[in-house]
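J.: Got a predicted model here, sequence first, then my questions.
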Amino acid sequence: MKFSQKIGAALAFCAVAALAPCSTYAQPIPAVIHDLAVQATRSPVTPTGPYDERGWLERFYAPRKYTPAWNPSTAAAALWVLRQAALQGLDPRDYGADALQKQLSAGGADAAKFDVALTSAMLHYLADLRVGRVRSEYHTRLPDPRLKQYDPVERLRTGLAGGKLQAAVKAAEPQIRQYGQVKAALAQYRALARKPYPALPAPGGKLTSGGVYPAAQALFERLVLLGDLPANTPPPAEGIYSEQLEEGVRRFQARHGLLDDGVLGRGTVAALNVPPARRVRQLELSLERLRWLPDFGPGPLIVVDLPMYRLWAFQNGSAEPPLEMRVVVGAAVKTETPLFVGQMRYLEFNPYWNVPRSILDREILPRLERNPAYLKQHDMETVPQGASVAELKAGKARVRQRPGPKNSLGAIKFAMPNPMDIYLHSTPARELFERSRRDLSHGCIRVEHPAALAQFVLGGQRKWSADAIQDALQPGPTRHVDLVHAVPVAILYATAIVDNEGSPMFVADIYGRDATLEQELAARQGKTAAAAH
């Protein structure tokens, strides 16, 4: 059967006739289902993704004594669900939706094999929706621990018995607010991808309002189509780059990680010409990455999107608008900020900066050898005091920077203990937040509005009013403040996300992680096809 090439290794065993000898066709259906479930359990195929599905069919069918699970009505409902997989950024072909639908419509298909294939397809769909299709950087153990909280077998059994398959699907979706926002943007850009999208010509130079641009009308239509200009905006004079167009371009630039100066140049036009289908793919990859995140219960949550250079702090499960700000992250190739989920446990006002060994060796020691006064000039000191360069090289001493206006951490450090020593902090270099590309740090994350973030994480502690925080940020001794409850911090990588106003945002793949994910997904499909032969 052709559909076996589309469903995956778990479906291959029940779609290939070699697994069910001709003599089994005369057996009662439960006996055939039993044999297929046992075959799946004993499959030699080693799982490479985030879950091991080999025992799922046995667990699903054994309590019902291997009787068929589906009737024409429930099978039609399940296939409708599978055909909607694209709405989640998944591919209906991965679950054999079309081939299964043809079998159901034609009738006469082997009842046992069809039943098992549909069950397996639904289990895979629920698992993919819950934890993603490839193993994430947040969960390296197999099976993914989140599938203990959301068991696809139990969810499918319950949903099928209660006539609530849609509820099982809804429960599988990540509950973090960004998931629903990105899913809505995906539907919007799928619709755009079905419309004509001719390329705009590059301008002869950089244009400001009043300049001549022959394709002004086409640019106007493009900006209206993308939502960067209201539909009732008056069209420009023929061939003129008007003030309204400049304003629309400025909004477009802000959504696409470009310098939002309203100047129409080649880079902006190139971004305007990116086909919506490419934006669809970016949104699909973002949904996959959001599926990787752990389960966050209700309460405060901080999410940092590295390529977006953005931070959101919000009450998970609440409709209250998040606190949003720009950030500076680790430099591409040299000192990339890693993906991980941490727990913010304390703050330090007027912190010392304990210089990491890598920075000491690579940057400070060479400068100190050239300039013995380097530490003093930068408000730095050795620990213990007065240590020599030789002692620093031998690891018998370290360097730290004293609190003050020159301190690289600024007035506050948000600590979330982790092996990589990554944390959030303020910075005296405020001008960096005005840059369109902000991968400029050694790996830690600099935040634009440290006082607002401090108020967010200290909000449940009565003594920490906005005034008290401002006082603590003034120059003075180092002050350590433990949080009553740790605040989870998710370091995310998504080149397509939605801002507080509901506008889709797209940025460059600064660390090349989207390209890597594309390769991993393609490899998964290749293994699926190979296993099906």
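T.: That came through, no problem.

J.: any idea how far V489 is from the residue lying closest to Q474 once chain neighbours are set aside?
T.: Excluding its sequence neighbours, the residue lying closest to Q474 (C-beta to C-beta, 6 or more residues apart in numbering) is A411, at 7.8 Å. The C-beta positions use only the backbone N, C-alpha and C, and glycine is treated the same way. With distances taken as C-beta to C-beta, to the nearest Å, A411 is found 19 Å from V489.

J.: Where does the prediction get shaky in the stretch 51-200 of the chain?
T.: Under the criterion pLDDT under 70, the flagged ranges of the stretch 51-200 of the chain are 108-109, 140-143.

J.: Helices along that one, start to end?
T.: With helices called from DSSP state H, counting those that start in this stretch, the stretch 51-200 of the chain shows them at 56-61, 72-83, 97-106, 111-131, 146-149, 152-161, 165-172, 177-193.

J.: hey, which of these is tucked in deepest?
T.: Ranked by mean neighbour count, the helices of the stretch 51-200 of the chain are led by helix 111-131 with a mean of 25 (mean count of other C-beta atoms under 10 Å).

J.: now it against helix 152-161, angle please.
T.: 120 degrees (axes from the mean of the first three to the mean of the last three C-alpha atoms, to 10 degrees).

J.: related to what we said a few turns ago, as a markdown table, the helices of the stretch 51-200 of the chain with distance to E369 would be great.
T.: Listed next are those as a markdown table, based on distance: least, C-beta to C-beta, whole Å:
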| stretch | distance to E369 |
| --- | --- |
| helix 56-61 | 62 |
| helix 72-83 | 65 |
| helix 97-106 | 66 |
| helix 111-131 | 51 |
| helix 146-149 | 51 |
| helix 152-161 | 60 |
| helix 165-172 | 58 |
| helix 177-193 | 47 |
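
J.: Quick one: closest of the ones you listed to P477.
T.: helix 177-193 (38.8 Å; C-beta to C-beta).

J.: what comes into contact with the closest one?
T.: 86-89, 173, 225-226, 275-277, 279-280, 283-284, 286-287, 290-291, 303, 312, 314, 316, 322, 494, 496-498, 502, 504 (C-beta atoms under 8 Å, 6 or more residues apart in numbering).

J.: distance of V328 from V355?
T.: Where V355 is concerned, V328 sits at a distance of 18 Å (C-beta to C-beta).

J.: I meant to write E58 there.
T.: 56 Å.

J.: do the same with A111
T.: For A111, the distance to V355 - C-beta to C-beta - is 69 Å.

J.: What of A237?
T.: 59 Å.

J.: Of the two, which one has the most company?
T.: V355 (19 against 10; other C-beta atoms under 10 Å).

J.: Now do the contacts for that one.
T.: I364, M380, R398, V399, R400, Q401.

J.: ok, now P300?
T.: Counting by C-beta under 8 Å, 6+ apart, P300 touches A313, F314, Q315, N316, F456, V457, G459, H485, V487, P488.

J.: one more time with 7 Å
T.: Q315, F456, V457, V487 (C-beta atoms under 7 Å, 6 or more residues apart in numbering).

J.: The host helix or strand of it: partners in the sheet, and parallel or antiparallel?
T.: If you go by DSSP states H and E, P300 is part of strand 299-305. Each strand paired with strand 299-305, and its direction, by DSSP bridges: strand 310-316 (antiparallel), strand 479-492 (parallel).

J.: Low-confidence ranges, the stretch 351-500 of the chain, go.
T.: For the stretch 351-500 of the chain (pLDDT under 70), the answer is none.

J.: which residues of it fall in helices?
T.: Taking DSSP H, counting those that start in this stretch as the criterion, the stretch 351-500 of the chain carries its helices at 357-359, 365-370, 374-377, 389-393, 450-457, 466-472.

J.: which one of these is the most hemmed in?
T.: helix 450-457 (a mean of 20).

J.: How far off centre is it?
T.: Distance of helix 450-457 from its chain centroid, counting by C-alpha atoms, centre = their mean, to the nearest Å, is 24 Å.

J.: Any chance you could give me that helix in PDB, C-alpha atoms only?
T.: The C-alpha coordinates for helix 450-457 follow below in PDB (Å, rounded to 0.1, in the frame of the first residue of the first chain):
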ATOM      1  CA  PRO A 450      15.900  45.900  34.100                       C
ATOM      2  CA  ALA A 451      13.700  47.900  36.600                       C
ATOM      3  CA  ALA A 452      10.500  46.600  35.000                       C
ATOM      4  CA  LEU A 453      11.800  43.100  34.900                       C
ATOM      5  CA  ALA A 454      12.800  43.300  38.600                       C
ATOM      6  CA  GLN A 455       9.300  44.500  39.500                       C
ATOM      7  CA  PHE A 456       7.800  41.600  37.600                       C
ATOM      8  CA  VAL A 457       9.900  38.900  39.400                       C
END
